[in-house]
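A.B. asks: Next comes the sequence, and after it the predicted model I'd like to discuss.
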Protein chains: 2
Amino acid sequence: MTPELQDLFAFLRFPSISTDSRNAGDVRACAGWLIEKLTGMGLETSLRETERHPIVVAKNTPRPDRKTVLIYGHYDVQPVDPLNLWTTPPFEPEIRGGKVWARGSTDNKGQMLAHVLGVEKTLKEKGDLPVNLIFLFEGEEEIGSPNLAPFLRANLDLLKCDVIAVSDTGMVAPGVPTLGYGLRGISCCEVTLRGPARDLHSGLFGGAVANPATALSRLITSLHDEEGRILIDGFYDDVKPLEDWEREMWSKVPGVSDADFLKVTGSPGLHGEAGYTSAERTWARPTAEVNGIGGGYQGEGSKTVLPAEAFAKFSFRLVPNQDPGKIMEQVQAHFDKHCPPGVTLTCEVGHDGKPYHADPKSAFGLAAPRALKAAFHAEPVLIREGGSIPIVQAFREILGADTLLLGLALSDAQIHSPDENFPVENFEAGIRLNQALLEELAK
Amino acid sequence: MTPELQDLFAFLRFPSISTDSRNAGDVRACAGWLIEKLTGMGLETSLRETERHPIVVAKNTPRPDRKTVLIYGHYDVQPVDPLNLWTTPPFEPEIRGGKVWARGSTDNKGQMLAHVLGVEKTLKEKGDLPVNLIFLFEGEEEIGSPNLAPFLRANLDLLKCDVIAVSDTGMVAPGVPTLGYGLRGISCCEVTLRGPARDLHSGLFGGAVANPATALSRLITSLHDEEGRILIDGFYDDVKPLEDWEREMWSKVPGVSDADFLKVTGSPGLHGEAGYTSAERTWARPTAEVNGIGGGYQGEGSKTVLPAEAFAKFSFRLVPNQDPGKIMEQVQAHFDKHCPPGVTLTCEVGHDGKPYHADPKSAFGLAAPRALKAAFHAEPVLIREGGSIPIVQAFREILGADTLLLGLALSDAQIHSPDENFPVENFEAGIRLNQALLEELAK
């Protein structure tokens, strides 16, 4: 086994599950291992306390004539249950079929350690780096990074940089290097409709009062037309239209055809806003989705009640330049306007995050694909992502820098699931990617 | 406590929930208690097995010169969730404010036991009854009486009778004795819409595939227009229109004004088919109600999934002369026609029952109000009911006898809901009613 894989195995053996307080010591031990590794590479390394899990920062000696690159990653991992579905124990990494199998192998230890080892290799080979480097590794990404934005705000000087690189997203297909230059934002809320004071007998009272489940269905139906276009007043006003070059470019991206979407989702058919491909619908168009719905009798068989209330949990995925706060105001106005008679409506606003969009034609935007090509020996593709990484928008707002999303995750990596895995070749490509990236960004 | 109330408490303590297989033993134990009680009264009593819960039959010694009266009731009860909304445990009966509080207190143990105890009292007082009596008590009413009609068909001689009496319906107001001459029928089904093979990340895939919860909402919305009229093709074709004398008579019935409905249901407003009062909407017009809806994340907070599936449990209340089988065909055709794209639909047909309508001017129809007046010392009213007792229609078709609906349930009895209750005075009036009824029917 190579020394790089030995490092990865050591890193993966820490059960650094951030959400479970019983693992707090493991999270800290994992941070300690990182500190030792980074210090050993000659970087100026420090453990920064937060209210919960520590942040690790490491820097080389800055020189004013060099660009400053911040590389972000997270060393915490998701829980591992159901444990019985793992082929081998989640914190005892093993190589099978050219892949490393362990919790965190892809998300995010494998990807972030590739950057660390790339830097180590460059330092060994050349004695110095072509850029001023800042490693920023947190232990709370899987619980929503509650302490990272405050840390950024409190350490503007320490973290001042020209550009940020993150490897925590996906590749469209094996061997196809992928640069992400956009993310969707999000706005969440939960609506409850209340009718009768309690569940009623549907025989004695059915027909005389509104049924909250029926009313909720009418409210949800009011959100879309038959083709999936959202009917909330003003919802699309700030949507930056897809540009022709993007659509043209995306039409050639492998692994994201409509047929691929059909296969990966296992849906009986695709369905979405008319006039867009599946990739366009998920990467560049906003949505109004029901994440959960409930009301009335949930058990086996039938219970002929007229439910007292019904709820729906909504998330709205947003695209540039939609603003989550403004959208939520429009959503609430829509709900108030379309609430059917005979019920009362309450709307509880949840978390949100702005969409992110960077210019792939900027100097840094052009440097990243060159590095990807050098690392993978293949032509990179440029995409946006449908998911939301709120911290990327926070980087821009607080640190004033754009983020390059250099994902190394494959679609069958099983992140957040049993049997998470990471191909050894992606790990090795990640090390090469880091070396090439710092070279290219320095230009 | 009177011996009668002691009997009622003992009867109510059995958690005889027929729909839950875990309570099968409790249902059987409850039947056993009945057998013992009826045998002790000197009746010829037998436990009759069915495919699920047993039927209890008890008779006095028949004499050819007497009319034969069959009294039907059910000793099974509805489920009790949500348990936390009960003031006191559902199967630990308690008297507060002149009412007995327990699951089944009104529906139907309290009402049926009043008949049993009325017979016991007459036997004690007079040594004999004025009629040939058949008690027929089943344990499957709350699951749609799947085995009762077959039992009737298989026991025509045993159950041959001139008229049937049932106390399983409502009184329009406290102290106002009520004869029901009509019931709504019912037809139930559960629809499941399935989309992706598993819950999907709503960021990575939202917008590209149909959301089963959204699709289900559209399907439910397709059932009604904005004023609550049902849009299923042919649904109203066989509806017997309300007659002028009925509307006139009902307009004078106390306790069923729109204001009463608003108060009793605690709804923020009434809502229903245009052109009808609340009483007319519930007694003589059909409905399409969602009894339960669910799909996706049900827990606290948010989980941004796109659910793999969503379900809705439906019940359709039917009026003369709608046929449940024909209606369910229309319903399924409607679902197939209106199922949104991108999901697959399965519809599981549940229990059903025909609506019932009898002539209140027949000899037995005229005897019943006399008995009601004697028991309650007040003028009775004649109504139809919104609930469904499918077996009443089966009695007519199989046994060839009409059913007198002598309801003792008040509108705030909370049957099928937490805090079900039954006034002690209605229980006592029910005992008197049984004695007067058998006298009047014997004439």
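C.D. replies: Yes, it's here.
A.B. asks: where along the stretch 201-350 of chain A do the strands fall?
C.D. replies: A:287-296, A:305-306, A:309-318, A:344-353 (DSSP state E, counting those that start in this stretch).
A.B. asks: Could you identify which of those strands is most buried?
C.D. replies: Mean neighbour count (mean count of other CB atoms under 10 Å in any protein chain shown) peaks for strand A:305-306 among those, with a mean of 30. C-beta: built from backbone N, CA, C; applies to glycine.
A.B. asks: Give the pairing partners of that strand; include direction for each.
C.D. replies: Applying DSSP bridges, strand A:305-306 is found paired with strand A:200-201 (antiparallel).
A.B. asks: rewinding a little: would you format the strands of the stretch 201-350 of chain A as CSV with mean pLDDT included?
C.D. replies: What follows is these, written out as CSV (pLDDT from 0 to 100):
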stretch, mean pLDDT
strand A:287-296, 97
strand A:305-306, 95
strand A:309-318, 97
strand A:344-353, 94
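A.B. asks: what does the domain assignment say about chain A?
C.D. replies: Following automatic domain parsing, chain A resolves into domains at A:3-183+A:355-442, A:187-239+A:286-353.
A.B. asks: Which residue does the stretch 1-150 of chain A have closest to chain B?
C.D. replies: The nearest approach of the stretch 1-150 of chain A to chain B comes at A:G144, 10.7 Å away (CB to the nearest CB).
A.B. asks: need the contact list for the spatially closest residue to that residue that is not a sequence neighbour.
C.D. replies: Leaving out its chain neighbours, the residue that sits closest to A:G144 by CB to CB, 6 or more residues apart in numbering or on different chains is A:H351, at 7.6 Å. Counting by CB atoms under 8 Å, 6 or more residues apart in numbering or on different chains, A:H351 touches A:G144, A:I186, A:C188, B:S302.
A.B. asks: Buried among those? Need that as a selection in PyMOL.
C.D. replies: Buried members of those, defined by 16 or more other CB atoms under 10 Å in any protein chain shown, are picked up in PyMOL with:
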select buried, (chain A and resi 186+188) or (chain B and resi 302)
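A.B. asks: closest to A:W86 among the contacts of A:H351?
C.D. replies: Distance to A:W86 across the contacts of A:H351 (CB to CB) is lowest for A:G144, with 25.0 Å.
A.B. asks: now the closest one: how far from B:V305?
C.D. replies: 16 Å (CB to CB, to the nearest Å).
A.B. asks: Indicate which one of the strands of the stretch 201-350 of chain A is closest to B:G365.
C.D. replies: Short answer: strand A:305-306, nearest of the strands of the stretch 201-350 of chain A by CB to CB, at 30.7 Å.
A.B. asks: hang on, the earlier thing: columns pLDDT, secondary structure and distance to A:T287 on top of the contacts of A:H351, output as CSV?
C.D. replies: Shown next, in CSV, are the contacts of A:H351 (pLDDT from 0 to 100; DSSP: H, G, I helix; E, B strand; the rest coil; distance: CB to CB, whole Å):
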residue, pLDDT, secondary structure, distance to A:T287
A:G144, 83, coil, 21
A:I186, 93, strand, 10
A:C188, 94, strand, 12
B:S302, 80, coil, 15
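A.B. asks: Closest to A:Q322 out of the contacts of A:H351?
C.D. replies: A:I186 (10.3 Å).
A.B. asks: looking at it, A:G180 is touching A:T169, isn't it?
C.D. replies: Yes - shown here, A:G180 and A:T169 form a contact pair, counting by CB atoms under 8 Å, at 5.1 Å.
A.B. asks: what sits in contact with each of these two?
C.D. replies: A:E385, A:L405, A:L406, A:G407.
A.B. asks: just so I have it, where are all the strands in the stretch 51-200 of chain A?
C.D. replies: Going by DSSP E, counting those that start in this stretch, the stretch 51-200 of chain A shows strands at A:55-59, A:68-74, A:94-96, A:99-101, A:132-138, A:163-166, A:178-183, A:185-194, A:200-201.
A.B. asks: partners of the longest one, with directions?
C.D. replies: Translated: strand A:185-194. Applying DSSP bridges, strand A:185-194 is found paired with strand A:309-318 (antiparallel), strand A:344-353 (antiparallel).
A.B. asks: one step back: just want to know which of A:G180 and A:T169 has more residues nearby.
C.D. replies: Between A:G180 and A:T169, counted using other CB atoms under 10 Å in any protein chain shown, the more crowded position is A:G180 (29 against 20).
A.B. asks: How is the closest residue to that one other than its chain neighbours assigned, secondary-structure-wise?
C.D. replies: In this structure, A:G180 finds its nearest non-sequential neighbour in A:L405, 3.2 Å apart by CB to CB, 6+ apart. Under DSSP: H, G, I helix; E, B strand; the rest coil, A:L405 falls in the strand class.
A.B. asks: re the thing from before, could you dump the strands paired with strand A:185-194 to TSV with distance to A:D81?
C.D. replies: Below are these laid out as TSV (distance: least, CB to CB, whole Å):
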stretch	distance to A:D81
strand A:309-318	23
strand A:344-353	24
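A.B. asks: Among those strands, which comes closest to B:R198?
C.D. replies: Of all the strands paired with strand A:185-194, it is strand A:309-318 that lies closest to B:R198, at 17.7 Å by CB to CB.
A.B. asks: Send me that closest one as CSV with only the CA atoms.
C.D. replies: What follows is strand A:309-318, C-alpha atoms only, in CSV (Å, rounded to 0.1, in the frame of the first residue of the first chain):
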residue,chain,number,x,y,z
GLU,A,309,-55.5,19.3,10.1
ALA,A,310,-53.0,18.6,7.4
PHE,A,311,-49.4,19.7,6.8
ALA,A,312,-46.9,20.0,4.0
LYS,A,313,-43.2,20.6,4.2
PHE,A,314,-42.0,22.6,1.2
SER,A,315,-38.5,23.4,-0.2
PHE,A,316,-38.0,25.8,-3.0
ARG,A,317,-34.7,25.4,-4.9
LEU,A,318,-33.6,28.7,-6.2
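A.B. asks: That concludes my questions; thank you for your assistance.
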